[in-house]
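> A structural model of the following input is requested.
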Amino acid sequence: MPESMESEELMQKKKEFIVSDPPKRALADAPKERFCLRCKSSFWSEGFGERICSRCKATSAWRAAVPEGVSQGRRSGGRS
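Predicted coordinates:
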């Protein structure tokens, strides 16, 4: 069998596997009622990565927070 045919068949099998077997969620990553880490009120969360309620996310303090990756950490300049 020519090499190109073999690689095409292999690619097709990989595509079928990926489509037929969606990624699994961790057991604790389930939609459920959780408590907001900021105001402590309960809210519906789609997974364990969502821990701040929509009311807190709507505040100007939350929206004005420094975006991730902008901070320079503890050092404020070059090496000391």
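> Provide a list of residues in contact with Ser7.
Residues near Ser7 by CB atoms under 8 Å, 6 or more residues apart in numbering: none. For every residue, glycine as well, the C-beta is placed using N, CA and C.
> Okay, now the unreliable bits of this protein?
Across the chain, the ranges flagged by pLDDT under 70 are 1-6, 17-23, 66-80.
> What ranges does it have for its helices?
Applying DSSP state H to the chain gives helices spanning 3-20, 54-57, 60-63.
> So what's the residue count around Ser45?
For Ser45, the neighbour count with other CB atoms under 10 Å is 19.
> which residues sit in contact with Lys57?
Contacts for Lys57 were tallied using CB under 8 Å, 6+ apart; they are Arg63.
> Now do it against Arg38, distance only.
9 Å (CB to CB, to the nearest Å).
> and if you look at Arg25?
According to CB to CB, Arg25 and Arg38 sit 25 Å apart.
> Give me the more crowded residue out of those two.
Neighbours were counted for Arg25 and for Arg38 using other CB under 10 Å; Arg38 has more, 15 against 11.
> Would you check that that one makes contact with Ile52?
Yes: at 5.6 Å, Arg38 counts as touching Ile52 under the criterion of CB atoms under 8 Å.
> what touches both of these two?
Joint contacts of Arg38 and Ile52 (CB under 8 Å, 6+ apart) are Trp62.
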